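Engineer: What shape does this take:
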Amino acid sequence: TLTPTSTSTATPEIIPGGDFDSEIARISWTEFSLKDYPLFFDDKAAQPPYISGGSFSPDWAVWLGGDDNEISYIEGQVTVPTNRNYVGHVVKLQSYDTVCASSKYNDLTLAGHLRYASANTLNVFGVDIGGMLICENYSGRAGCGSADAVRVLVTGYDLCNVPDATGWGIFAVPLFGPGYDFRGKTVTLQIKALTDAQLSSSVFVDDVVWLDGPPTTVVTGLNIQSAGLQTLAPVLLTDPEIFKAAGLPVPPEKVTLSSANASNAYRKSR
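Structural biologist: Next comes the predicted model:
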């Protein structure tokens, strides 16, 4: 559990199910892995060797990425409190990739990639990236697919140049801004990682939290200022055609994934 060292408007509150530590909490999230990996892990039973100290708040956490040519995410529906202005997640990064997504593409292009990525587009872009999507859904729907969401806020972070896992940090996204206000609404939160064909990256996620303001205070065991996050500007997507409007590369008709590229010693250490 997050414990602030001092009173602050950034005092975090774990969202319902956001600590992943009970079965009820975990089943409130939908998990997806292109390679069918289980994403929730108990650090007492199967701790990855490069996660010093295990999960941030014992005992369960989420492992995204960790292999080449992977799309992985968790998502869940939540009702946003009217008195909270940010949503975030406690995160630790690890990446051998030396090419940073933000050095190749602008924020709009990367937002489109984070939302619409498929097995065919991973190597067209040739970068690793993680981030959070907030999806305002059509009535009665849940999820972040183009048929489910009328408005999507995408905020990403680079996965590159952190061969040794960073310390735990908070990645936070504003719940209101130009063209959107999610406060008081039921939305889908999606936390996602994309990797290309080589030099894989991992995103480890623990507590998902509401915040009054941006995380500028130090939380016990959590160094917010040195989390290794190179963040991108939030991008609001309101039309599925934005993928084309952003000038994204046209994916090839067919991409055959090499079994050699798909193997990853770290991921298989599970």
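Engineer: so where is this structure shaky, pLDDT-wise?
Structural biologist: 1-11, 43-58, 140, 146, 165-166, 215-231, 238-270 (pLDDT under 70).
Engineer: the helices in it, which residues?
Structural biologist: Applying DSSP state H to the chain gives helices spanning 23-27, 43-46, 107-116, 122-125, 242-245, 259-262, 265-268.
Engineer: what about G66, neighbour count?
Structural biologist: The burial count assigned to G66 is 26, neighbours taken as other CB atoms under 10 Å. (Each C-beta comes from the backbone N, C-alpha and C, glycine too.)
Engineer: So it sits against S202, correct?
Structural biologist: Yes: between G66 and S202 there is a contact under CB atoms under 8 Å: 4.4 Å.
Engineer: Tell me where the protein has strands.
Structural biologist: Secondary structure of the chain, counting by DSSP state E: strands at 13-14, 30-33, 40-42, 60-65, 71-79, 86-95, 129-137, 149-158, 169-174, 176-177, 180-181, 186-194, 201-211, 235-237.
Engineer: For those, could you give me JSON lines that also reports distance to N106 and mean neighbour count?
Structural biologist: JSON lines is the format used below for the strands of the chain (distance: least, CB to CB, whole Å; neighbours: other CB atoms under 10 Å):
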{"stretch": "strand 13-14", "distance to N106": "34", "mean neighbour count": "16"}
{"stretch": "strand 30-33", "distance to N106": "26", "mean neighbour count": "16"}
{"stretch": "strand 40-42", "distance to N106": "33", "mean neighbour count": "18"}
{"stretch": "strand 60-65", "distance to N106": "22", "mean neighbour count": "26"}
{"stretch": "strand 71-79", "distance to N106": "21", "mean neighbour count": "21"}
{"stretch": "strand 86-95", "distance to N106": "21", "mean neighbour count": "24"}
{"stretch": "strand 129-137", "distance to N106": "13", "mean neighbour count": "25"}
{"stretch": "strand 149-158", "distance to N106": "12", "mean neighbour count": "23"}
{"stretch": "strand 169-174", "distance to N106": "19", "mean neighbour count": "23"}
{"stretch": "strand 176-177", "distance to N106": "18", "mean neighbour count": "12"}
{"stretch": "strand 180-181", "distance to N106": "20", "mean neighbour count": "16"}
{"stretch": "strand 186-194", "distance to N106": "17", "mean neighbour count": "24"}
{"stretch": "strand 201-211", "distance to N106": "20", "mean neighbour count": "26"}
{"stretch": "strand 235-237", "distance to N106": "9", "mean neighbour count": "21"}
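Engineer: can you redo those as JSON lines with distance to A111?
Structural biologist: Below are the strands of the chain laid out as JSON lines (distance: least, CB to CB, whole Å):
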{"stretch": "strand 13-14", "distance to A111": "27"}
{"stretch": "strand 30-33", "distance to A111": "19"}
{"stretch": "strand 40-42", "distance to A111": "26"}
{"stretch": "strand 60-65", "distance to A111": "18"}
{"stretch": "strand 71-79", "distance to A111": "15"}
{"stretch": "strand 86-95", "distance to A111": "17"}
{"stretch": "strand 129-137", "distance to A111": "8"}
{"stretch": "strand 149-158", "distance to A111": "4"}
{"stretch": "strand 169-174", "distance to A111": "12"}
{"stretch": "strand 176-177", "distance to A111": "14"}
{"stretch": "strand 180-181", "distance to A111": "13"}
{"stretch": "strand 186-194", "distance to A111": "11"}
{"stretch": "strand 201-211", "distance to A111": "17"}
{"stretch": "strand 235-237", "distance to A111": "4"}
